[in-house]
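Trainee: prediction below, plus the sequence it came from.
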Amino acid sequence: MLGTHAVAEESALNRLLSNSTNIGGVFDLGYKEASIITNDAWLARAFGLPQHCFLLAFPRKMGIHNQADEVPRIDRGVILLRVLRETSLPNQADLVHLRAEDSDRAITNFYRDVDELGPETDVLTRAMMQQAAFRCRVIGTFVENDAGDLVFGKDVDNIYAAGRYMVAKPHGGSLQLIIDHVELPMGERVDEQRGDEAPNADLPDTEATIEIGKLRYSSSRQRERIATANGKTTEVAVQVRPKDFVAHKTAVFGMTRAGKSNTMKVLASAVHLYAYKTNSRVGQLIFDPAGEYAYANRQDHTALSQLGEDVRIYRLGATAVERAQNIRPLSINFFDDSQIDGSWSLITSFLGDDTRQFVRNFLASDPSRSPEDMDDYGDKNRLEAVRAMYFGILIKAGFKPKDGWTCSIPINDKTRTLLSDVDDIRIPARGPLRVSAQQLEIVCEVIARNAALKKKDDSIKEAVKLWFSDRSAGGHGDPGVDGLVGMLSPSGSASGWKILRGLATYHSAEATTDFAPAIYADLAHGRLVIVDLSRGSDQVLQTCAERVVREILSRASRRFREGHPPRPMQIFLEEAHRLLDRDKFNKTTSVSDPYVRLAKESAKYKIGMIYATQEVSSVDPMILSNTANWVCAYMNNAAETQKLAKYYDFADFAEQILSADDRGFVRLRTDSSPYTLPVQVAKFDLGMVNAVRAATGLPPTGPSTDYIPDISVQADDLSDCEDPDAIYAKITGGAGSGNH
C-alpha cells in the first residue's frame with residue numbers, strides 16, 4: 001500500500017495538483033460549462049478568483065493524502081476550467097435577502113448617534129452569506145497515458161450526476177505545467193494523411209522556446225502582488241514555440257498604443273532564434289513606416305538591429321553618412337538601363353490606382369521593353385524613341401541623371417531639320433542624335449509638341465512619326481507612344497509629367513542596383529531586413545512595399561514552377577487593414593493585387609505573414625480562417641470584438657478586450673496551444689536582446705543611441721507661412737489685426 005501511495009503521489013496528475021489551493025466544489029457539470037460553489041474565506045485563502053482564471057476539478061479522493069490511488073483508473077483525470085462569470089446558487093434569493101439585511105443593519109448602525117451598536121450577525125448566517133458560485137468554461141481533461149505522461153483532451157468524455165469534484169486554483173509549478181502544455185498542431189502530427197500537412201510541416205523543429213511574456217488574469221494587480229509575496233504566484237512565464245510562426249499567418253489586433261509594435265519585435269526575435277537553433281534560413285521583412293524598428297527606442301535604448309550581425313536596414317533617402325554605416329539606400333537609378341525594370345515597376349505601382357485616361361495611356365507605353373531584343377530595325381528605332389521620350393519626361397519631372405550622362409535619339413533627315421533651330425545642339429549628318437540631360441528635355445518637348453498637334457505638314461509628320469501611333473498620318477500603330485507625348489505635352493486639365501514628382505525620392509543617380517532584388521537576396525540568405533520608410537509619404541510607402549512584395553512573389557512563383565524548394569520567409573505588415581480588406585478579394589482585379597496574392601498563395605511558397613491592424617472586420621474572412629496565431633490586445637469597438645468572438649474561444653474574453661486597455665495585455669492563441677492565454681507581453685528591451693544574442697552565441701551588447709531624429713525639438717521659424725496680420729495690413733494700410 002505504501003508503494004502504491006508513493007506512485008500515486010509522484011504521478012503527473014498529482015504534480016498538476018501539487019501547487020494549488022482548494023476553493024470549493026462542482027455542483028453542476030456539463031459538457032461545455034460547469035458551476036462551482038465556494039465562499040469568501042476560501043477565496044481569500046487563494047488570493048482571489050479573477051475572471052478567466054484557470055481552475056482544476058478532480059475527484060475528491062485525488063486531493064486527499066494517501067487516497068489518490070483509490071480513485072479508479074477510468075476516473076483518474078483532472079478537468080481544466082476557466083472562470084467566465086458569477087452565477088446563482090439554488091438558494092440565491094435567500095442569500096441576497098440575508099446580505100441585504102446585513103448591509104442595511106451595518107449602515108444603520110454606522111450612522112446611529114448612540115454609542116451602543118446593534119447585534120452582530122450570527123456565525124451560521126455569516127457563513128451562508130459568504131457562499132458564492134461561478135460559471136466556468138470546460139476547456140478539456142488532463143489524463144495520463146500508458147507511459148505516465150500528461151496528455152490533454154479538449155472535452156470531457158463523461159458526466160456524473162454526482163461527480164463529487166473538488167475545485168482548486170493552480171499557482172506556481174502546477175500552473176506552469178498547464179501553460180507549458182503544447183500539442184503538435186493539425187498538419188504536423190505524425191498520423192496526418194499525405195496532402196494534409198501544414199505549410200511548415202517539413203521544416204525542422206526545436207525544443208528551444210522564447211518567453212513572450214507572463215500569464216496575467218486581470219488589469220488589477222493588488223492581490224497578485226500579495227500572492228507572489230506569499231509563494232502563490234499566477235504570473236508564470238508563457239513560452240512560445242517559434243516554429244508556430246514560421247510559414248503561417250499571424251494576426252496582431254489592437255488599438256494604437258496597445259503594444260502591437262512591441263509584440264511584432266518579440267515575434268521577430270522568436271523566428272530569429274528558431275532559424276539559429278535549427279540551422280536554417282528564414283528571411284524576415286519588416287516595412288517600417290514610423291522608424292520604430294530601424295531606430296532605437298528612446299525609453300529603453302534598444303533597437304531590433306541589435307539582435308545579430310544578419311540584420312540589414314534599407315532607408316529611403318539614406319545620407320552619405322548612413323551609407324557609410326552600411327545602411328543601404330532605398331533607391332534606383334531611373335536612368336540606368338539595367339535598372340529600368342525596377343523603375344518602371346515603381347511607376348506602375350505608384351500610378352496603379354489612377355484611372356485618368358492620360359495616366360492609363362502613359363502606363364501603356366512600357367519603356368522597359370528592350371530595343372536590343374528587336375530584330376526588326378524599325379521596331380528597334382521605335383523603342384529607342386520611346387525610351388528617350390521616357391527619360392525626357394523624368395528630367396522634366398525633376399529627376400537628375402549622373403553628371404556626364406547622355407542619351408541617344410533615333411532621328412531622320414526631317415527630324416534633323418525640325419531640331420536645327422534648337423540652341424546648343426549639334427545635329428549629326430547621319431546616325432542617331434546624342435544629347436545631354438538638359439538638351440534631351442528641350443528636344444523631347446519640341447518633338448512632343450509637334451507630335452501632339454498632328455499638323456498636316458508632311459515634313460513635320462515625317463520628323464516625329466516615331467512618337468505618334470496614327471497609321472493614317474504615317475505613325476507605326478503603337479498606342480503607347482501617345483501616352484508619352486501626352487505626359488510631356490499635356491492637353492486640357494491633364495497634369496502630365498507633374499504626377500511623377502512624388503517618385504523623385506526613390507531616384508539616386510549613384511544607385512548601382514535595384515533595391516527590390518537586393519532585398520529578396522537578403523531574405524533568401526536568411527537575414528532580417530528592415531525597410532525604413534519613415535521619411536516618405538503614405539503613397540511612397542505603399543509604392544515601395546508593393547514593389548518589394550511583387551518581387552518576392554515573382555521569384556517564389558518562378559521557383560515553384562521550376563520545381564525548386566521554396567525559401568521560408570516572414571513578411572510583417574503594419575496597418576494591414578489598408579492592404580487586406582475584404583473588398584479587394586471580391587474584385588476581379590484581385591489577381592493583380594500583390595497583397596491578395598500574398599494572402600492566397602503564401603502557404604505553398606512557405607511565406608509567413610504577420611499582419612497588424614485595429615479592425616478584425618477589415619480583414620477578409622478567408623485570411624482570418626487561415627490564420628494560425630492570434631494576438632488580441634485592447635479594442636474599443638464592440639462590433640469588432642463580436643467579429644473576433646467567431647474564432648476559437650475569444651467570445652470568453654470579449655468584455656475584457658473592450659475594457660482592459662493596459663499596454664501589452666493580450667489574449668494569445670498559437671498554433672500549438674490547446675487553449676487561449678491572457679498574457680502580459682514582455683517588453684522588447686536590452687535584456688531580451690541580450691538573451692537572444694546569448695542563445696545564438698553572440699556576446700552581449702550595450703544601449704543604442706541611434707534614435708530617430710526628433711523634429712519636435714527643432715526651432716520653427718514660420719518662414720513658410722507669412723503672418724496673415726501682416727498680409728492684411730499691407731492690403732488695408734491699417735493695423736491688420738484685431739476683431740473686425
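Mentor: Yes, it's here.

Trainee: list the contacts for L56?
Mentor: For L56, the contacting residues are L16, L17, S20, V78, I79, L80, L81, V167, A168, K169, P170, S174, by CB atoms under 8 Å, 6 or more residues apart in numbering. C-beta: built from backbone N, CA, C; applies to glycine.

Trainee: against L43, how distant is the fourth one?
Mentor: Here the distance between V78 and L43 works out to 21 Å (CB to CB, to the nearest Å).

Trainee: of those two, which one has the most company?
Mentor: V78 (29 against 19; other CB atoms under 10 Å).

Trainee: ok, that one to Y707 distance?
Mentor: In terms of CB to CB, V78 sits 51 Å off from Y707.

Trainee: quick one, phi psi at P674?
Mentor: Main-chain torsions, P674, degrees, to the nearest 10: phi -80, psi -10.

Trainee: state the number of residues packed around it.
Mentor: Around P674 there are 17 residues (other CB under 10 Å).

Trainee: hmm, it is touching V151, no?
Mentor: No. Assessed by CB atoms under 8 Å, P674 is found out of contact with V151, at 10.4 Å.

Trainee: pull the longest helix from this protein.
Mentor: helix 538-561 (DSSP state H).

Trainee: what's that helix packed up against?
Mentor: When contacts are defined as 3 or more CB pairs under 8 Å, 6 or more residues apart in numbering; DSSP states H and E, helix 538-561 sits against strand 283-288, helix 340-350, helix 515-524, strand 528-532, strand 569-573, helix 594-605.

Trainee: for P621, give its distance to I571.
Mentor: Counting by CB to CB, the gap from P621 to I571 is 21 Å.

Trainee: so these two - more neighbours on which side?
Mentor: Neighbour tally, P621 and I571, criterion other CB under 10 Å: the higher count belongs to I571, 23 against 14.

Trainee: hey, C-alpha coordinates of the helix or strand hosting I395 in PDB?
Mentor: Secondary structure assignment for I395, by DSSP states H and E: helix 377-396. C-alpha atoms of helix 377-396 as PDB (Å, rounded to 0.1, in the frame of the first residue of the first chain):
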ATOM      1  CA  TYR A 377      15.200  47.700 -87.500                       C
ATOM      2  CA  GLY A 378      12.000  49.800 -87.400                       C
ATOM      3  CA  ASP A 379      10.800  48.300 -84.200                       C
ATOM      4  CA  LYS A 380      14.200  48.900 -82.600                       C
ATOM      5  CA  ASN A 381      14.200  52.500 -83.600                       C
ATOM      6  CA  ARG A 382      10.600  52.900 -82.200                       C
ATOM      7  CA  LEU A 383      11.600  51.500 -78.800                       C
ATOM      8  CA  GLU A 384      14.700  53.700 -78.700                       C
ATOM      9  CA  ALA A 385      12.400  56.700 -79.300                       C
ATOM     10  CA  VAL A 386      10.100  55.600 -76.600                       C
ATOM     11  CA  ARG A 387      12.900  55.200 -74.100                       C
ATOM     12  CA  ALA A 388      14.400  58.600 -75.000                       C
ATOM     13  CA  MET A 389      11.000  60.300 -74.500                       C
ATOM     14  CA  TYR A 390      10.600  58.500 -71.200                       C
ATOM     15  CA  PHE A 391      13.900  59.800 -70.000                       C
ATOM     16  CA  GLY A 392      12.900  63.300 -71.100                       C
ATOM     17  CA  ILE A 393       9.700  63.100 -69.100                       C
ATOM     18  CA  LEU A 394      11.700  62.100 -66.000                       C
ATOM     19  CA  ILE A 395      14.100  65.000 -66.400                       C
ATOM     20  CA  LYS A 396      11.200  67.400 -66.800                       C
END
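
Trainee: relative to the whole chain's centre, how far out is that helix?
Mentor: Centroid displacement of helix 377-396 relative to its chain, using CA atoms, centre = their mean, to the nearest Å, is 41 Å.

Trainee: other SSEs contacting the helix or strand just after it?
Mentor: Using DSSP H and E, the helix or strand that follows helix 377-396 in sequence is strand 406-409. Secondary-structure packing of strand 406-409 (3+ CB pairs under 8 Å, 6+ apart): helix 377-396, strand 433-436, helix 437-453.

Trainee: give the buried residues for strand 406-409.
Mentor: Of the residues in strand 406-409, those with enough neighbours to count as buried (16 or more other CB atoms under 10 Å) are C407, I409.

Trainee: got the contact list for it?
Mentor: E384, A385, A388, F391, P432, L433, R434, V435, S436, A437, L440, V443.

Trainee: can you check stretch 365-381 too?
Mentor: 337, 340-341, 344, 383-384, 386-387, 389-390, 410, 466, 476, 480-481, 483-484.

Trainee: rerun that using 6 Å as the cut-off
Mentor: I340, D341, W344, L383, E384, V386, R387, Y390, P410, G480, G483, L484 (CB atoms under 6 Å, 6 or more residues apart in numbering).

Trainee: residues near the second one, how many?
Mentor: It refers to D341. Neighbour count for D341, taken as other CB under 10 Å: 16.
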